Structure formats: C-alpha cells, structure tokens
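Q: No letters, just coordinates:
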C-alpha cells in the first residue's frame, strides 16, 4: 500500500517540493523580522538599516547554493553531519561530524528559543500586564505543545506545516499591505547625516551587526537539508526548496522593512519605552488600520512564531539520528519511534534545551543572544561546510551531482568572507559578552569530548580511519529508500 513504511524501518520520502519550500519559509520568517527590524535600525542608526537585510540575503543565497549542491548530492538525514562526514573522513576520521553534532545539539534549539522569546514579546501587546513569571510559563507551554505536535508521523506534519505556511504568508502580507496604505516616503527615505559614510568605522561596525541580524532572519533556508531522507526526488526538490525559499523571503523582508519604516518613525523603534521597539508590526497596524486590526495581525504573528519553532525542531531533531547510527554520537539517538518513524530522543533533548534557552533569553538582550548563537555556528558548520564542498569536488569527482553550484567557486568565496565578517566583529558588537571566546571554548570542549569518545570506540586517532564513500557507489542507504507503491 502506498505510504507504508519500508521494511528496513527507516525514514519515508513523503515531503514534496511545495511542502519543502513551505517548511523552509516558515522556519526562515517566523518571528524573526518582526522582532529584529528595531534591532537592525538600532545597529545602523537610521532607515538605511535596509542594507542589513540586503546583505543578509546575499550571504544567505551564496551559502544556500552550498547547501543546494551538497543536499542534492548527499540526500541523507542530518544535513551538515552527512556533508562533513563525507568530506573530512580522509584526514580527521569522525572528528568533524562529531563536533558538528556536538554544536548543533546546542545552537539549533537555542535559535528556536529566540523564537519563543519573540512569541512572548508580541503576546505582551495583547496582554500589556503580562508579568515575567506568566510569560515564562506561557513560553514553556508553547515549547511543550510543539514537541507534542511533532510526536507523530511525517505525513501529518507535512499537512500541519502547509497550514502554518499559509498563516505566515497572511500575517506578513497584512503588515505589508497596511504599510502601503499609509506609506510616507519621507519617513522611509530620509537618512541621518553620514548614514552612508563608508570611511566611518561606525558604518562598518553597524554593517557587521546588521549582517549578523540579517542572516539570523534568513536562517532556516537549510531546514529541508536536515530532512534529506524524507524529501521526494531530493536531487531536484531539495536545491529548489533552498533557492525558492531564499528568494521568496528576500522579497517579503524588503517590502516589510521599507513599508514599516514608511509608517513608524525609526526613532520610536530605538526607544525601549515605545511599543514599536518590541512589537513594531502591531504598531504599524495600529497606526494604519486601528487597534482591532493590530490585534488580529498580532495573533497571526504569534501563529507564525509558533510555526518557525515547529519547523526548526522538526528539522533539527533529525541531526543526531544519522550520527548515532554511524556510531558518531550517543547510540540511543539512533532509534526511531516504532510507529511514527521519528527520532524520539533527539526531539525530546532539543525540546528541553529550547526550554532552557528560552528562560535564559528572557533575562538577556536578544541581540546579544543572536550574536552568541551565530558565533557558535560559524566555525563548525558554516565555514567547515564551505570547505567541505571544495574537498568533495576533489575527493569524489564521480559523485552524482543533480545540481552544481552556479558560478563556482564565487558564491563559496562570498559566503566564506561574509561568515568571517560576522565572526570577526562579534566581540565588537557584543562588548563584555565575549562571544568569540565562548564559541572557541565550546569547540575546544567538544574536541576533548571527541578524544574521550574516540578512545573508547577505538577509532581515529586511537584506531584506523574508516573511509565510507557510500554515495559514490550510487547506492543510497536502504533505510532512506522511498516507500513501496
């Protein structure tokens, strides 16, 4: 019967191109732009903040082309884990995939926690008297509900995600249309003195901060790459879902940013006592269509935020699965639910870490939290994966590549430079927080953990290297074969 799980007990390919694009876009948009527009304006010091979203789009697109080629050629569950395992096995054995899973188990759920922080932040518009304790309890309840909804088969999740994608599109369109109905070019395009002074250190510091915020808003274009074993026709659908989602969200963000700046004075967005600094989309609707419309769009934004956390944990929970099956992570993470075929322990663990991150985020500055999360991700995932693309082209020239990066290697170079800018300016944009030092400490701790694990498992550097080029042979892991029809 069509749709029945394969006898091997692995994932089932049930997610098509539209659903894959919807999963990416829901994760990308979410609450991000609704809470980061004021942060972007503050970073640049004026409406020229739109530069940050454009720069973020360029970096996302260049990096997305890396994901597109790797995802199409290596369509297993786990995304970066699979790519790093294949590329770096020749010199460092299993160290790089181990370090990736080590960091991903932290940064993926912590990124989701920022979405829950934004959820509670916007909820405060509907309930101005919402206290700290009440907000904490509501946020924890949202996380519990997400995990409960994900505790089911992928065919149900695909339908839920499609509905959430429609709500996400409706929420952003309402804000865009409302802004257009009362748009002031004077507000949107009047810049402070020296706004574009490229010789100023202030401009470049603002640009680096804006690029960090911008790429944070685009994060999620790779969600379906983590679900490569569940995508129909991954050689075509996976790269298209990455590229289509980035282009679609880029258009939405630019309309949203410019429209918002044309309704709400940018000075209000930097005033912590003004509602525009915490719920700028609600402020736009209140200014244009009144309080009733503002309440309605706020509810839609809350649903959108929920959808982003939902899809983020959906993709992220798959990361440790392949690692555990390959004995590169704790073995219990390699077990699937006996009926619904999803990784139980990965989902449960990331749900708990999301809850912890949410509670921490409620008592810290959101911009600083974004900076810390990004630096942890840059070393082991972003930069290493760009290197992996080049390594695989040299090491596995015969690998089937349904999609090859346009203008290679130019997008790889642009993406590498962009991530280095974000990382290099991290300490300057977060004085006193030392995100670079924390990221290096976390990676160093991961290296120690790897050595302890490698000695116990008797693998490199305490044993022989094991080279597995399973994708080169044209064979796909039997556990990722599509269901029989």
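A: Nice, I can see it. As the structure is a computational prediction, the values presented were derived from the model and not from experiment.

Q: The stretch 201-350 of the chain: helices as residue ranges?
A: 201-218, 234-261, 266-269, 280-288, 291-316, 319-325, 344-361 (DSSP state H, counting those that start in this stretch).

Q: What is the burial count for residue 335?
A: By other C-beta atoms under 10 Å, the residues close to residue 335 number 15. Any C-beta I mention is one placed from the backbone N, CA and C, and that applies to glycine too.

Q: Repeat that for residue 197.
A: So residue 197, with other C-beta under 10 Å, has 11 neighbours.

Q: In a strand, it, correct?
A: No - in this structure, residue 197 is coil, not part of a strand, as judged by DSSP: H, G, I helix; E, B strand; the rest coil.

Q: Hmm, it is touching residue 203, no?
A: Yes - between residue 197 and residue 203 there is a contact under C-beta atoms under 8 Å: 5.6 Å.

Q: Please name the residues that touch residue 63.
A: Shown in contact with residue 63 (C-beta atoms under 8 Å, 6 or more residues apart in numbering): 382, 386, 411, 415, 418-419.

Q: Distance check, it against residue 236.
A: To residue 236, residue 63 is 20 Å away according to C-beta to C-beta, to the nearest Å.

Q: For residue 54, which non-adjacent residue is spatially closest?
A: Leaving aside its sequence neighbours, residue 54 sits nearest to residue 254 (C-beta to C-beta, 6 or more residues apart in numbering; 7.3 Å).

Q: how near is the one you found to residue 52?
A: Relative to residue 52, residue 254 is positioned 11 Å away (C-beta to C-beta).

Q: Look at residue 357 and say how many residues are nearby.
A: Per other C-beta under 10 Å, the neighbour tally for residue 357 reads 24.

Q: Which pLDDT value goes with it?
A: Note for residue 357: predicted pLDDT of 85.

Q: Might one say that it is in contact with residue 112?
A: Yes - at 7.5 Å, residue 357 and residue 112 qualify as touching, with contact defined as C-beta under 8 Å.

Q: Which residues does the helix or strand bottoming out on mean pLDDT in the chain contact?
A: In the chain, the helix or strand scored least confidently by mean pLDDT, DSSP states H and E is helix 426-429, which has a mean of 74. With contact meaning C-beta under 8 Å, 6+ apart, helix 426-429 is reached by 43, 205, 208-209, 212, 371, 374-375, 433-437, 439.

Q: Now the helix or strand following that helix: buried residues?
A: Later in the chain than helix 426-429, the nearest helix or strand by DSSP states H and E is helix 435-457. Residues of helix 435-457 classed as buried: 435-436, 439, 442, 446, 450, 453-454 (neighbour count, 16 or more other C-beta atoms under 10 Å).

Q: Quick one: mean pLDDT over helix 435-457.
A: Mean predicted lDDT for helix 435-457 stands at 88.

Q: by contact count, what packs against that helix?
A: The contact analysis (3 or more C-beta pairs under 8 Å, 6 or more residues apart in numbering; DSSP states H and E) places helix 435-457 against helix 95-126, helix 366-377, helix 426-429.

Q: now what about stretch 135-144, what contacts it?
A: Under C-beta under 8 Å, 6+ apart, the answer for stretch 135-144 is 116-117, 119-120, 123-124, 130, 306, 309, 351, 354-355, 358-359, 362.

Q: out of those, which one sits closest to residue 277?
A: Residue 277 lies nearest to residue 124 out of the contacts of stretch 135-144, by C-beta to C-beta, at 11.6 Å.

Q: residues in contact with that closest one?
A: By C-beta under 8 Å, 6+ apart, residue 124 lies in contact with 130, 135, 278-279.

Q: Could you single out the nearest of the contacts of stretch 135-144 to residue 184?
A: For the contacts of stretch 135-144, the closest approach to residue 184 (C-beta to C-beta) belongs to residue 124, at 26.8 Å.

Q: any idea how far that closest one lies from residue 134?
A: For residue 124 relative to residue 134 (C-beta to C-beta), the value is 10 Å.

Q: ok, and for stretch 239-247, which residues are buried?
A: For stretch 239-247, a neighbour-count test (16+ other C-beta under 10 Å) marks 239-246 as buried.

Q: hmm, who's touching stretch 288-297?
A: Residues from elsewhere that reach stretch 288-297, judged by C-beta under 8 Å, 6+ apart: 125-126, 171, 174-175, 178-179, 181-182, 263, 281-283, 285-286.

Q: Now with 7 Å, please.
A: 126, 171, 174-175, 178-179, 181-182, 263, 281-282, 285-286 (C-beta atoms under 7 Å, 6 or more residues apart in numbering).

Q: Give me the buried entries from those residues.
A: Among those, the ones that count as buried (16+ other C-beta under 10 Å) are 171, 174-175, 178-179, 263, 281-282, 285-286.

Q: wait, is residue 402 part of a strand?
A: No - going by three-state DSSP, the assignment for residue 402 is coil, not a strand.

Q: doesn't residue 235 make contact with it?
A: Yes - the pair residue 402 and residue 235 qualifies as a contact (C-beta atoms under 7 Å) at a distance of 3.1 Å.

Q: so what secondary structure elements neighbour the helix or strand harbouring residue 173?
A: For residue 173, the enclosing helix or strand under DSSP H and E is helix 154-181. Here helix 154-181 touches helix 17-29, helix 234-261, helix 280-288, helix 291-316, going by 3 or more C-beta pairs under 7 Å, 6 or more residues apart in numbering; DSSP states H and E.

Q: Quick check: buried residues in the helix or strand just after that helix?
A: Next in sequence after helix 154-181, counting helices and strands by DSSP H and E, comes helix 185-189. Going by neighbour count (16+ other C-beta under 10 Å), the buried part of helix 185-189 is residue 188.

Q: and helix 185-189, how far out from the chain's middle?
A: Its chain's average C-alpha position is 31 Å from that of helix 185-189, according to C-alpha atoms, centre = their mean, to the nearest Å.

Q: Which residues does that helix contact?
A: Outside helix 185-189, the residues that touch it by C-beta under 7 Å, 6+ apart are 47, 258, 261-262, 265.

Q: Show me where the stretch 251-400 of the chain dips below the pLDDT cut-off.
A: For the stretch 251-400 of the chain, the stretches flagged by pLDDT under 70 are 322, 340.

Q: For burial, what's the neighbour tally of residue 307?
A: Using other C-beta under 10 Å, residue 307 is surrounded by 29 other residues.

Q: residue contacts, it?
A: Listed by C-beta under 7 Å, 6+ apart, the contact set of residue 307 reads 26, 30, 164, 167-168.

Q: want to throw these into TSV with distance to residue 191 and neighbour count?
A: Formatted as TSV, the contacts of residue 307 follow (distance: C-beta to C-beta, whole Å; neighbours: other C-beta atoms under 10 Å):
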residue	distance to residue 191	neighbour count
26	33	29
30	29	31
164	37	22
167	35	17
168	31	27
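
Q: Show me the two of those residues that sit farthest apart.
A: Within those, 30 and 167 form the most distant pair, 11.3 Å apart (C-beta to C-beta).

Q: how much space between the residue nearest to residue 347 when sequence neighbours are not counted and residue 67?
A: Spatial nearest neighbour of residue 347, excluding adjacent residues (C-beta to C-beta, 6+ apart): residue 317 at 4.0 Å. Distance of residue 317 to residue 67, given as C-beta to C-beta: 18 Å.

Q: Right, I'll call it a day here.
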